[in-house]
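>>> Give me coordinates for this.
(one chain, ligands or ions: 1)
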Amino acid sequence: MAEQTTASASPRAPANQPRISAKAMTFTESVIREMTRLALVHGAVNLAQGFPDFSCPQELKDAAKAAIDADVNQYAITWGAAEFRAEIAAKVARTYPGWTVDPEREICVTCGSTEAMIATMLALVDPGDEVIMFDPYYENYGPDTILSGAVPKLVRLHAPDWSIDPAELRAAFSDRTRAIILNTPHNPTGKVLRREELELVAELCQRHDTLVFTDEIYEHIQYLGPGGHIPPATIPGLEDRTVTINALSKTYAVTGWRVGWTIAPPAYTSAIRKVHDFLTVGAAAPLQAGGVAAMRLPAEYYTGLAEQYRARRDLLCASLTATGFTFRPPDGAYYVMCDTRAIDPAGDDVALTRRMITEVGVAAVPGSSFFANPADGRHIIRFGYPKRHETLRAAADRLTGLAQLIG
Ligand SMILES: Cc1ncc(COP(=O)(O)O)c(C=O)c1O
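Next up, the predicted model:
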């Protein structure tokens, strides 16, 4: 466990440079999105940023187009169109029997899960409050803690199976712990939190009166079978202290729509709704109509989704093994964290990913961008596979060039 210090530092702008806020100076541009730009310039197959290169379900497109034609083009209710919230609650009840969500008081529709997380942090965390995060983590959570003034407390996920050391987790909690951020299935490691792990979180959160902010954007993309994903909000002791964050982005292949939501007890939801209102007013009204269609998709859609992703995972993993990477196949989400030691003994993940883009034609993300201490990720790069089989095969063909590059 280590404490991240960057959030509390207050850097100064170098002389002769326009002044920007200390907060904005503290974090850099997204490395993942930078890799995407570089991939475009060099015509590389983009296995860096996690967006699908295949179509979303037709039902979503039809519903969104019909909504535009029907003049659903003005502001929706700031915390989400009533029909969309009702359908989110209905889908939750169908998927997780026993979990009841009141759409009138417990849901706030946001601009993607990105806004859901920052709105939650700004609504429920005060500057100086400690927030526990697992390390490595999805890069947005770093700036989220900086923008909200939270002090991150990091708990290591231990390779190769990304396990949690219960003693380290216990040691991270104190009476200053306001919240713990969970992400299951997890980006970047593919870890899916098991019941025992969630029960330990529940025990500690109750003891220290801590909230849970859980990012479940990969809820349906997991390879453990039915019941593999357990929403923390369904664990006894966490029902009244959990903010569940989700979005249309990954499950329905519409990352560009920017539609997400929070589910939380009424008092927390009304604080999140207030913050959300002044951050963005609301998510796009016609796309919330698309969301209604998404929520009405049958159960088979989700089993098909998991099967398709399993096939994509296996295709990519086979070519990564052939290339000489070592890794643990992910249990969920759609990323593979590869150990690069056999290929890049020097351990310069940034140089390796740049050369892969410019000389091999495949984009991945340097592992250092997922760790509080970048050195912890220097022997790792992350590949994503929300891609058509032909894209993954093209990447596999190009990866054969990596051996020559290194050799
Ligand atoms: C864990 C996690 N949370 C959130 C997001 C962003 O979600 P959205 O597009 O809904 O803002 C991503 C995207 O890669 C992610 O991996």
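>>> any idea how the protein splits into domains?
For the chain, the structural domains run 19-49+300-406, 58-297, going by automatic domain parsing.
>>> out of these, nearest to the ligand?
domain 58-297 (2.8 Å; CB to the nearest ligand atom). Heads up, the C-betas are built off the backbone N, CA and C, glycines and all.
>>> Please enumerate the helices of the chain.
In order along the chain, the chain carries the following helices (DSSP state H): 22-26, 31-42, 58-69, 82-95, 112-124, 141-148, 166-172, 195-208, 266-280, 285-295, 299-323, 349-355, 389-406.
>>> what's the fifth one packed up against?
I take that to be helix 112-124. strand 107-110, helix 141-148, strand 177-183, strand 211-215, strand 242-247, strand 260-263, helix 266-280 (3 or more CB pairs under 8 Å, 6 or more residues apart in numbering; DSSP states H and E).
>>> ok, now the fourth one?
Using 3+ CB pairs under 8 Å, 6+ apart as the contact definition, the elements that helix 82-95 packs against are strand 107-110, strand 260-263, helix 285-295.
>>> Burial-wise, tell me which of these comes out on top.
strand 107-110 (a mean of 28; mean count of other CB atoms under 10 Å).
>>> What pairs with it, parallel or antiparallel?
strand 260-263 (antiparallel) (DSSP bridges).
>>> re earlier: ok, of the domains of the chain, where does mean pLDDT dip lowest?
Lowest mean pLDDT of these: domain 19-49+300-406, a mean of 93.
>>> for that domain, the distance to its chain's centre please.
15 Å (CA atoms, centre = their mean, to the nearest Å).
>>> Could you do stretch 220-239 as well?
16 Å.
>>> Stretch 104-111 too?
19 Å.
>>> for stretch 178-188, same thing?
Using CA atoms, centre = their mean, the offset of stretch 178-188 from its chain centre is 8 Å.
>>> that older thread, could you dump the helices and strands packed on helix 82-95 to TSV with distance to the ligand?
Shown next, in TSV, are those (distance: least, CB to the nearest ligand atom, whole Å):
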stretch	distance to the ligand
strand 107-110	8
strand 260-263	5
helix 285-295	12
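>>> Relative to G128, which of those is closest?
With respect to G128, and counting by CB to CB, the nearest of the helices and strands packed on helix 82-95 is strand 260-263 at 23.1 Å.
>>> quick one: contacts for T358?
L38, H42, A44 (CB atoms under 8 Å, 6 or more residues apart in numbering).
>>> Swap in 7 Å and give it another go.
H42 (CB atoms under 7 Å, 6 or more residues apart in numbering).
>>> what's the spacing between it and T28?
Separation of T358 from T28 (CB to CB, to the nearest Å): 21 Å.
>>> Same question for A299.
In terms of CB to CB, A299 sits 42 Å off from T28.
>>> How about V212?
V212 is 28 Å from T28, by CB to CB.
>>> So which of these two has more stuff around it?
The residue with more neighbours, out of V212 and T28 and counting by other CB atoms under 10 Å, is V212; that gives 22 against 11.
>>> wouldn't the more buried one be in contact with A202 here?
No. The criterion here is CB atoms under 7 Å, and V212 misses it with A202 at 8.4 Å.
>>> Quick check: neighbours shared by these two?
L238.
>>> So which residues on the stretch 51-200 of the chain come close to the ligand?
Residues of the stretch 51-200 of the chain lying close to the ligand (CB under 6 Å from any ligand atom) are G112, S113, T114, Y138, N183, N187.
>>> By neighbour count, which of those residues wins?
Each of these was scored by neighbour count (other CB under 10 Å); the top score is that of N187, with 28 neighbours.
>>> mind listing what that one touches?
With CB under 7 Å, 6+ apart, N187 has these contacts: G50, Y138, Y218, A333, Y335.
>>> and if you look at N183?
Neighbours of N183 in contact, by CB under 7 Å, 6+ apart: Y138, D215.
>>> neighbours around the closest residue to R156 other than its chain neighbours, how many?
Once flanking residues are discounted, R156 sits nearest to D135: 5.5 Å by CB to CB, 6 or more residues apart in numbering. By other CB under 10 Å, 20 other residues sit near D135.
>>> was I right about D135 contacting K153?
No. Taking contacts as CB under 7 Å, D135 lies outside contact range of K153: 9.8 Å.
>>> hmm, back to that, wait, which of the contacts of N187 is closest to D102?
Nearest to D102 among those, with distances taken as CB to CB, is Y218, at 25.2 Å.
>>> got a list of what the closest one touches?
Here Y218 is in contact with P185, N187, K250, G332, A333 (CB under 7 Å, 6+ apart).
>>> how about a cut-off of 10 Å?
Applying CB atoms under 10 Å, 6 or more residues apart in numbering to Y218 gives the contacts 50, 183-187, 190, 192, 229, 246, 249-251, 309, 330, 332-335.
>>> cool, L157 as well?
So L157 contacts F134, D135, P136, Y137, S163, I164, D165, H186, P188, T189, K191, M337 (CB under 10 Å, 6+ apart).
>>> do you know how far the fifth one is from R194?
For S163, the distance to R194 under the criterion CB to CB works out to 10 Å.
>>> go on, P136?
In terms of CB to CB, P136 sits 18 Å off from R194.
>>> quick one, which of the two is more surrounded?
P136 (26 against 16).
>>> give me every residue that touches the residue lying closest to that one once chain neighbours are set aside.
Spatial nearest neighbour of P136, excluding adjacent residues (CB to CB, 6+ apart): F370 at 3.7 Å. By CB under 10 Å, 6+ apart, the contact list for F370 reads 31-32, 135-139, 142, 187-189, 335, 337, 376-377, 380, 382.
>>> how about 8 Å then?
With CB under 8 Å, 6+ apart, F370 has these contacts: P136, Y137, Y138, E139, P188, G377, I380, R382.
>>> Tell me who's in contact with the closest residue to the fourth one other than its chain neighbours.
What sits nearest to E139 in space, not counting adjacent residues and going by CB to CB, 6+ apart, is S369, at 5.7 Å. Contact analysis of S369 by CB under 8 Å, 6+ apart lists V31, I32, E139, G377.
>>> Right, I'll call it a day here.
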